[in-house]
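S.K.: Predicted coordinates and the sequence they were generated for:
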Amino acid sequence: MVLAKNVIAVAIQQGAHKNSFIFLKHYNKFNRQGYINGIYPFSIMMRYIKIITFLGLIIALNAPAQSQIRVDRRIQITSGSCDQCDLSNVRLNGLKLNNANFSGSIFNNSNLSGGNFDGSVLTGSQFRKALLYRVEGKNVNMNNANLTNATIIEGKINNSHFIGTNFRSADLTRGEFINGNFQMAFLERVDATNTNFENSNFTKAKLNNIILSNANLNNANFSGVSFGNANLSKASMINAVFANADLSMAFGLKQEQLDKACGNSNTQLPFGLILPLCNGKESIVTTQNSSNSLDQAINDVEILLKANRSNNSALYKRLSRIRQALLNSKRTLQR
């Protein structure tokens, strides 16, 4: 306890504004939670000493009096632990968290640009509105983390896990997430323009309203994924798998993109597009959506034909030709 007080005293003596240090609120909370006969409960003491021990590295850097702490780029934490720490509204530029455990920690509104997370465990951590510009990391575990509205422009986090992670409205432009595991992740309204997701697994992820323009989706698995209003213009899809996926409302798709990917009989595509089957036994796969659209169009034309029964009218002949063309298109798609 004396150590904790001394650390805080040094920080204040060095001119750091008390509002600049988020750990002061932990200390104040500590101070309120039961000082009985000069003895603090051991469990409470250990919880806050853990936070103060980690942040004691930051205090000595003589941080300026501003809304965020400025941290020297030379700070490196290796094989450390600070689970459930509150590091929100902090400047941690260039911080290296190598093989560290920060599960459940809070980094909301913090700046970790240029940092490195190699081998770190960040499961359940919160990075809402955090600035992660050009962060790097390999074998990072960010399962069930919250990165809502985070900025990860030009980030490189490869061979990492993002199962169930919330990326809603995050900016992943020009990033690199090779061999990533995004199963059941939430990527609605994400901007991933020019981002590399090669060999990544997106099984049952939510990708509605995502921007994947010029993205690298080669060898990625999108089984069971919904692409409602997703932008896939100029995205590379070589050997990408879309089994049971719904692409019917995606836009920007071209046939030449789909020719290099594959799906199954349950894959749904925009009208007029086809996709090879992944088993290689058939040349194309049609979609239920396309078939239903054709059926509806044929039905509408037949209603008009019944309303114009005169075989000699020009309108009836034109409608007959349209009906025949639609039937031919349906047979072609069903082959």
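M.R.: Cool, got the structure. Numbering: from 1, shown residues only.
S.K.: Any idea how many residues pack against Ile163?
M.R.: 19 (other Cβ atoms under 10 Å). Glycine gets a C-beta too; all of them are placed from N, C-alpha and C.
S.K.: what's the helix or strand for it?
M.R.: Assessed by DSSP states H and E, Ile163 sits outside every helix and strand.
S.K.: list the contacts for the nearest residue in space to it that is not next to it in sequence?
M.R.: Leaving out its chain neighbours, the residue that sits closest to Ile163 by Cβ to Cβ, 6 or more residues apart in numbering is Asn143, at 4.5 Å. For Asn143, the contacting residues are 123-124, 161-165, by Cβ atoms under 8 Å, 6 or more residues apart in numbering.
S.K.: could you redo the last one with a cut-off of 7 Å?
M.R.: 123, 161-165 (Cβ atoms under 7 Å, 6 or more residues apart in numbering).
S.K.: ditto for Ala185
M.R.: So Ala185 contacts 162-165, 167, 205 (Cβ under 7 Å, 6+ apart).
S.K.: now do Phe182
M.R.: 162, 200-202, 205.
S.K.: now, which of these lie within helices?
M.R.: Nothing among these maps onto helices, per DSSP state H.
S.K.: tell me the phi and psi of Ser320?
M.R.: Ser320 adopts backbone torsions of phi -60, psi -40, taken as degrees, to the nearest 10.
S.K.: Please tell me how far it sits from Asn299.
M.R.: Separation of Ser320 from Asn299 (Cβ to Cβ, to the nearest Å) stands at 15 Å.
S.K.: So for these two, which residue has more residues nearby?
M.R.: Higher neighbour count among Ser320 and Asn299: Ser320, with 14 against 11, using other Cβ under 10 Å.
S.K.: ok, the residue nearest to the more buried one when sequence neighbours are not counted - how many residues close by?
M.R.: If the residues on either side of it in the chain are set aside, Ser320 comes closest to Leu305, at 6.8 Å by Cβ to Cβ, 6+ apart. By the criterion of other Cβ under 10 Å, Leu305 has 15 neighbours.
S.K.: can I assume Leu305 sits in a helix?
M.R.: Yes. Per DSSP: H, G, I helix; E, B strand; the rest coil, Leu305 lies within a helix segment.
S.K.: picking up where we left off before, what helix or strand does the residue nearest to Ile163 sit in?
M.R.: Per DSSP H and E, there is no helix or strand for Asn143.
S.K.: What values do phi and psi take at it?
M.R.: Dihedral angles (degrees, to the nearest 10) for Asn143: phi -60, psi 140.
S.K.: Out of the contacts of Asn143, flag the one nearest to Leu277.
M.R.: Ile163 (28.1 Å; Cβ to Cβ).
S.K.: Quick check: the closest one vs Ser233, distance?
M.R.: If you go by Cβ to Cβ, the gap between Ile163 and Ser233 works out to 28 Å.
S.K.: Same check on Ser313?
M.R.: Counting by Cβ to Cβ, the gap from Ser313 to Ser233 is 43 Å.
S.K.: Same drill for these two, tell me which one is more crowded.
M.R.: Ser233 (17 against 11).
S.K.: Got the domain ranges for this structure?
M.R.: 1-64, 289-333 (automatic domain parsing).
S.K.: mind listing the strands for the stretch 101-250 of the chain?
M.R.: 136-138, 156-158 (DSSP state E, counting those that start in this stretch).
S.K.: Just checking, which helix or strand succeeds the last one along the chain?
M.R.: This points to strand 156-158. Moving toward the C-terminus from strand 156-158, the next helix or strand (DSSP H and E) is helix 255-258.
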